[in-house]
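Undergrad: What follows is a protein structure lacking sequence information:
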C-alpha cells in the first residue's frame, strides 16, 4: 500500500508552511501589536469596552441632553450653531480641506468643539498638538490651573495624556496641567470655542467614573437646556464603505494566506489525480552525444592518428565509389580521376591524401596537425554527399 504523501508532496507542504510563516511574520512587521503597557483608545459610542464611549453617550441622553451620533460630513452641521457642541473624540481619519473649512465655520458661528487627542487637533481650526514619544499609559492626576466654567466642579481630573499641546495662532488658556505638561486647553474662534484634551480617557467607559472626570465632562458639554450635542462617528469610520473598512483590518492578510493554502492543496490534488505521463527522456544514442563521447575517448587516449585514419578511410571509400576505381588504386591515379570528374585541383588533393597516410603512421602526431588534416578531409567528403555536390566548383 502506497503512502498517502510521497516525497514531492511532503516537500510541497513544507514549502507552503514556510511561506505561511513568512506571511505571518510580515503581517507582524507591517502591523505589530501595541506594546503591553499601552492602551489603544477608540472612544466610539457603539463600544461598551473599556476604551469605548457608550456610557458617556447614554449618560447625556439620560440627563436630558439632545444628543445624536453624527455620521455625516462636517459640511452638514447646522449653519446657526448657537448652543451646539461637536464631540471629536480621537478621530481615526483625517479631514479634507472642505471639511476643515466647515468646522471653522461651525465654531466661528458660535458652536463649541470638544476635541480630544492630537488627531483632533489636526482637524479643528488653529490647534497644534503632537503625540508623546515615550507615553506611559498609567493614568495621572492633573490639577486645575485657573478658575473657569470648565474647572469649577473638578479641581482635579485623571487622564492618560497620550498627546501634548504645542501651540495655537490664537490666545489660549491652559485649564489643567501637571509640572510642565498641559493636559486641557481652551481658546476662542470667532463666536465659538474649542476645548482640547490631551486624551479622550476622561469620557471613556473605563475612566469616566474616576474622580471628577464625569463632572469635568459635563461642564465641557454645557447645560442640558442649552446644548445640542453632535457626537462624531464620521471620523470613526462611518463614512467608509465595507471594503475600505475591511482593508484596515487583518482580514486581507488572512485571505491571502487562505488563498495560498487553497492553491497548494489544489496543486497537490491535481498532481495526484491528473493523467499519468512518462517523463520525457533524451535518447542515449543521440548523434551529438555519440560524437562528443568519441571525441573525448580519442582525446584521453591521445589517438590522433586513429582519428585521422577514420576520416581518411571514409573519404577514400566515398571517393573511389564516385570515380569507380578499385580499392588498390594509387594516390596519383585517384587524384587525376577526381580532378577529371569533379574539376578539383590535383596538387592540393594529393597533398591532403599524402599527409593523411603519413599521419596514420605517426605515433606522436600533433593534435593541431591532425585537426587540420581531418578538416580538409571532411571538406572534401562533404562535396561527395548529395547536399554538397552543388558546391564543388569552389575547389576547382
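TA: Arrived safely, thanks for sending. Note that this is a predicted model, so its numbers are computed, not measured.

Undergrad: contacts and neighbour counts: CA atoms only from here.
TA: OK.

Undergrad: give me the number of residues near residue 358?
TA: 12 (other C-alpha atoms under 10 Å).

Undergrad: Ok, residue 128 next?
TA: So residue 128, with other C-alpha under 10 Å, has 18 neighbours.

Undergrad: Quick check, pLDDT for it.
TA: We have a pLDDT of 91 for residue 128.

Undergrad: can you check the one 10 residues further on too?
TA: Looking at residue 138, its pLDDT stands at 82.

Undergrad: how much space between the nearest residue to it once chain neighbours are set aside and residue 145?
TA: Spatial nearest neighbour of residue 138, excluding adjacent residues (C-alpha to C-alpha, 6 or more residues apart in numbering): residue 160 at 6.4 Å. In this structure, residue 160 and residue 145 are 18 Å apart, going by C-alpha to C-alpha, to the nearest Å.

Undergrad: same check, this time on residue 254
TA: On the measure of C-alpha to C-alpha, residue 254 and residue 145 end up 50 Å apart.

Undergrad: Which pLDDT value belongs to the closest residue to residue 325 other than its chain neighbours?
TA: Spatially, and ignoring its direct neighbours in sequence, residue 325 is nearest to residue 334 (7.6 Å; C-alpha to C-alpha, 6+ apart). Turning to residue 334, the model gives it a pLDDT of 90.

Undergrad: Could you point out the helix or strand that follows the lowest-mean-pLDDT helix or strand in the chain?
TA: One helix or strand of the chain scores below all others by mean pLDDT, DSSP states H and E: helix 242-247, with a mean of 61. Downstream of helix 242-247, the next assigned helix or strand under DSSP states H and E is helix 251-273.

Undergrad: How is this structure partitioned into domains?
TA: 7-31+250-273, 54-247, 287-395 (automatic domain parsing).

Undergrad: residues in contact with residue 233?
TA: Taking C-alpha atoms under 8 Å, 6 or more residues apart in numbering, we find residue 233 in contact with 44, 45, 69, 70, 71.

Undergrad: count of neighbours near the third one?
TA: Meaning residue 69. 17.

Undergrad: Count the residues that sit near residue 45.
TA: Neighbour tally, residue 45, other C-alpha under 10 Å: 22.

Undergrad: That one looks like it's in a helix, true?
TA: No. Going by DSSP: H, G, I helix; E, B strand; the rest coil, the assignment for residue 45 is coil, not a helix.

Undergrad: That one: what's its closest spatial neighbour, skipping adjacent residues?
TA: residue 54 is the one closest to residue 45 (C-alpha to C-alpha, 6+ apart), at 4.1 Å.

Undergrad: That neighbour and residue 205 touch, don't they?
TA: Yes. Here residue 54 reaches residue 205: they are 6.8 Å apart, a contact under C-alpha atoms under 8 Å.

Undergrad: which residues do the two both contact?
TA: residue 48.

Undergrad: So which residues of the stretch 51-200 of the chain form helices?
TA: Counting by DSSP state H, counting those that start in this stretch, one finds helices in the stretch 51-200 of the chain at the ranges 54-62, 97-108, 118-121.

Undergrad: hey, which of the ones you listed is tucked in deepest?
TA: helix 118-121 (a mean of 25; mean count of other C-alpha atoms under 10 Å).

Undergrad: who touches it?
TA: Helix 118-121 has contacts (C-alpha under 8 Å, 6+ apart) with 88-94, 115, 127-131, 163-165, 196, 198.

Undergrad: how about 6 Å then?
TA: Contacts with helix 118-121, where a contact means C-alpha atoms under 6 Å, 6 or more residues apart in numbering, come from 90, 91, 127, 128, 129, 130, 163.

Undergrad: now stretch 196-206
TA: If you take C-alpha under 6 Å, 6+ apart as the criterion, stretch 196-206 is touched by 50-53, 55, 89, 115-117, 159, 161-163, 183-185, 208, 213.

Undergrad: Regarding the protein, what is its longest strand?
TA: The longest strand of the chain (DSSP state E) is strand 181-189.

Undergrad: If you average the pLDDT over it, what comes out?
TA: Per-residue scores along strand 181-189 average to 93.

Undergrad: Stretch 61-79 too?
TA: 92.

Undergrad: next one: stretch 341-351
TA: pLDDT averaged over stretch 341-351 gives 89.

Undergrad: Can you give me the buried ones in it?
TA: 342, 344, 346, 349, 350 (16 or more other C-alpha atoms under 10 Å).

Undergrad: Could you tell me how far that stretch lies from the centre of the chain?
TA: In terms of C-alpha atoms, centre = their mean, to the nearest Å, the gap separating the centre of stretch 341-351 from the centre of its chain is 72 Å.

Undergrad: Could you do stretch 342-354 as well?
TA: 72 Å.

Undergrad: what does stretch 49-60 give?
TA: The answer for stretch 49-60 is 39 Å, by C-alpha atoms, centre = their mean.

Undergrad: Give me the contacts around it.
TA: Residues contacting stretch 49-60 (C-alpha under 6 Å, 6+ apart): 41, 42, 43, 44, 45, 46, 47, 48, 204, 205, 206.

Undergrad: Please convert those residues to CSV, extending it with distance to residue 264 and pLDDT.
TA: CSV is the format used below for the contacts of stretch 49-60 (distance: C-alpha to C-alpha, whole Å; pLDDT from 0 to 100):
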residue, distance to residue 264, pLDDT
41, 40, 54
42, 39, 76
43, 42, 90
44, 41, 91
45, 44, 92
46, 41, 91
47, 40, 89
48, 41, 90
204, 46, 93
205, 46, 93
206, 46, 91
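
Undergrad: ranking those by neighbours, who comes first?
TA: residue 204 (29 neighbours).

Undergrad: what about the nearest residue to that one once chain neighbours are set aside, neighbour count?
TA: Among residues not flanking residue 204 along the chain, residue 53 sits closest, at 4.7 Å (C-alpha to C-alpha, 6+ apart). When neighbours are counted by other C-alpha under 10 Å, residue 53 registers 27.
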